[in-house]
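J.: Just a sequence and a predicted model for now, questions to come.
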Amino acid sequence: MSDASGIETATDVPQQVPLRRNKGFRMLWIGQLLSDTGTQISGIAYPLLILALTHSVVLAGVVGTVRAITVLCLQLPAGALSDRFDRPLTMIICDITRTVLLALLGILIVLDLASWQVVLVVSLIEGAAGAIFDPSAAAALPGIVPDGQLEQAWAATEGRTYGASLAGPALGGVLFGMGRAVPFLADAVSFAVSFGTVSRIRGRFRPESAGGRKALWREVTDGLRVVWQVPILRATVIQTPLLNFAFSGVIFSITLAMRQGGTSTAVIGLVQAAIAAGGLLGAVVAPRLQGRMRLATLATTITLAGALLFGAAALLIPSPLVAAPVALALLLAPAANAALVAAVLRSAPEDMRGRVISTVMMAATALATLAPLIAGLIIQHASGAWAVGVFAATTAVAAVLCLTLPGFRQAESPAAAPG
């Protein structure tokens, strides 16, 4: 509810109840669990389909790379768009678009009418819809859960993501074996369910200042300016790229080094699952840490521990035991990410949340796209142990930044809220 002047009133503030009883959050979480799993399913099915259609590994790689670049380039304008329009409505339109596209692709595959060009177009549009959906979902979160539960809500989101990353790829391979169209039809169903759950979320999610708008590129620039001016946001875009780069590089290095050492793909898959299980367990314990550790403490702890554990992992490669220290390094990641995202959302003006969160997310993930290339070069010219050692050193640099950047020290987390 808003008063006559259009200013948000206290009745707009979500009532604090346990998250499991918060219908809006429950609907968002369930829908996103299914759609995230569907995205993981189609993520492995796209290259498999390209290979089946063309027998070209190069084309399969091209499709994946072009999609990744497209999503990266759309993140900043997508954040600006999420600040212009009603956020759940934007999410619904994206879900409908993805449902129709993937269902159409499945039908074309069944009719033997799909070509690699069609798959590329579908992949790009579906990825673009996802790039627009994500900042709208993140920016809507403070309108769904109370401020004191933002950490807990994002920890649950982290758990959802890890769960989808564990189940999705394996399920995608099984479904593709049942039929080329099956994984894409399953993904279409997941987005249809997400549409149904998001449409049941109630609340005011349209930014108040959505009336007088500038050109889109000027709004993007405004978001960049805010991120650089606010200490916690500036610290985040400086430090988190290094940390994500290191984690991505370590995981990729393990895969390459183990394969180079003659380890079977089945064992490599189990190692990756064990590593992801560390993050999933961390998401389970994250609520217990809510309000008990300051953001600066969490960030410093995870980076220092990560540097030491990655150093240990470098000594264990190519043994499957390398999964243990990396999984341990991921244990604190959900709690740290939850505290960080909550601080970012609190620091962003309500009508700029989409732009701020998309800017932070893009900065946090952009450098990680280079991790596979760097890992491959180091392993080719040195060894897997050296590659993991380099990423361990990068994590140590991130730890130093946690100690020196004032934004982390100034950020405070609210007291623990009941779950």
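T.: That came through, no problem. Numbering: from 1, shown residues only.
J.: quick one: low-confidence ranges for this structure?
T.: Along the chain, the model assigns pLDDT under 70 to residues 1-15, 57, 203-213, 265, 289-292, 411-419.
J.: Nearest residue to the middle of it?
T.: Centroid-nearest residue in the chain, with C-alpha atoms, centre = their mean: residue 161, separated by 7.2 Å.
J.: Pretty sure that one sits against residue 36.
T.: Yes: using C-beta atoms under 8 Å, residue 161 makes contact with residue 36 at a distance of 6.2 Å. Every residue, glycine included, has its C-beta placed from N, CA and C.
J.: quick one, what contacts the closest residue to residue 200 other than its chain neighbours?
T.: Counting by C-beta to C-beta, 6 or more residues apart in numbering, residue 27 is the residue found nearest to residue 200 once chain neighbours are left out, at 4.9 Å. Contacts were defined as C-beta atoms under 8 Å, 6 or more residues apart in numbering; by that measure residue 27 touches 197-198, 200-201.
J.: same check, this time on residue 97
T.: Residue 97 is in contact with 125-126, 129, counting by C-beta under 8 Å, 6+ apart.
J.: and it, how far is that from residue 357?
T.: When C-beta to C-beta, to the nearest Å is the yardstick, residue 97 and residue 357 sit 21 Å from each other.
J.: cool, and residue 114?
T.: Going from residue 114 to residue 357 by C-beta to C-beta gives 35 Å.
J.: Counting neighbours around each, name which of these two comes out higher.
T.: Neighbours per residue, other C-beta atoms under 10 Å: of residue 114 and residue 357, the larger number sits with residue 357, 28 against 22.
J.: in which helix or strand would I find that one?
T.: For residue 357, the enclosing helix or strand under DSSP states H and E is helix 353-366.
J.: And for residue 160?
T.: Residue 160 belongs to helix 150-178 when elements are defined using DSSP H and E.
J.: for that helix, packing partners?
T.: Contacts defined by 3 or more C-beta pairs under 8 Å, 6 or more residues apart in numbering; DSSP states H and E place helix 150-178 against helix 23-54, helix 182-198, helix 265-289, helix 333-347.
J.: Let me have these in CSV, extended by distance to residue 379.
T.: Formatted as CSV, the entries for these read as follows, by distance: least, C-beta to C-beta, whole Å:
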stretch, distance to residue 379
helix 23-54, 22
helix 182-198, 31
helix 265-289, 14
helix 333-347, 24
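J.: so which of these comes closest to residue 363?
T.: Counting by C-beta to C-beta, residue 363 lies closest to helix 333-347 out of the helices and strands packed on helix 150-178; the figure is 11.1 Å.
J.: rewinding a little: closest to residue 226 among the contacts of residue 97?
T.: Nearest to residue 226 out of the contacts of residue 97 is residue 129 (C-beta to C-beta; 25.8 Å).
J.: Need the nearest residue in space to the closest one, chain neighbours excluded.
T.: residue 94 (4.2 Å).
J.: got a list of what that neighbour touches?
T.: The neighbours of residue 94, taking C-beta under 8 Å, 6+ apart as the test, are 129-130, 132-133, 136.
J.: Can you tell me which of those is nearest residue 69?
T.: Ranked by distance to residue 69 (C-beta to C-beta), the contacts of residue 94 are led by residue 130 at 14.1 Å.
J.: what secondary structure does the residue nearest to residue 355 when sequence neighbours are not counted sit in?
T.: Take residue 355 and drop its neighbours on the chain: the residue closest to it by C-beta to C-beta, 6+ apart is residue 223, 2.9 Å away. Reduced to three states with DSSP: H, G, I helix; E, B strand; the rest coil, the structure at residue 223 is helix.
J.: Am I right that residue 223 is in contact with residue 359?
T.: Yes: distance between residue 223 and residue 359: 5.3 Å, which falls inside the contact criterion (C-beta under 8 Å).
J.: quick one: common contacting residues for those two?
T.: Both residue 223 and residue 359 are in contact with 76, 79, where contact means C-beta under 8 Å, 6+ apart.
J.: hmm, back to that, any idea how far residue 358 is from the residue nearest to residue 355?
T.: Between residue 223 and residue 358 the distance, using C-beta to C-beta, works out to 7 Å.
J.: Now the buried members of the contacts of residue 27.
T.: In terms of neighbour count (16 or more other C-beta atoms under 10 Å), the buried residues within those are 197-198, 201.
J.: Tell me, how many residues neighbour the residue lying closest to residue 326 once chain neighbours are set aside?
T.: Residue nearest to residue 326 in three dimensions, not counting chain neighbours: residue 275, with 5.0 Å by C-beta to C-beta, 6+ apart. Around residue 275 sit 23 other residues, with neighbours defined as other C-beta under 10 Å.
J.: Next, the contact list for residue 275, please.
T.: For residue 275, the contact set (C-beta under 8 Å, 6+ apart) comprises 251, 254, 323, 326-327, 330.
J.: What about these, which are in strands?
T.: Secondary structure assignment (DSSP state E) places none of those within strands.
J.: Could you find which two of those are furthest from each other?
T.: Spatial extent of those (C-beta to C-beta) is set by the pair 254 and 330 at 12.7 Å.
J.: Neighbour count: these two, which is higher?
T.: In this comparison of residue 254 against residue 330, neighbours counted by other C-beta under 10 Å, the higher total goes to residue 254 at 27 against 24.
J.: Pretty sure the more buried one sits against residue 320.
T.: No: contact between residue 254 and residue 320 fails when scored by C-beta under 8 Å: they sit 9.6 Å apart.
J.: Give me the common contacts of the two.
T.: Overlap between the contact sets of residue 254 and residue 320, as judged by C-beta under 8 Å, 6+ apart, is given by residue 271.
J.: Can you give me the buried ones in the helix holding residue 160?
T.: Of all the residues in helix 150-178, those buried under the rule 16+ other C-beta under 10 Å are 150-169, 171-172, 175-176.
J.: Stretch 302-316: how far from the chain's middle?
T.: Its chain's average C-alpha position is 23 Å from that of stretch 302-316, according to C-alpha atoms, centre = their mean, to the nearest Å.
J.: change the start of the numbering to 177 and stick with it
T.: Okay, using 177 as the starting number, the last item reads as stretch 478-492.
J.: Pull out the buried positions in it.
T.: For stretch 478-492, using 16+ other C-beta under 10 Å, the buried residues are 478-490, 492.
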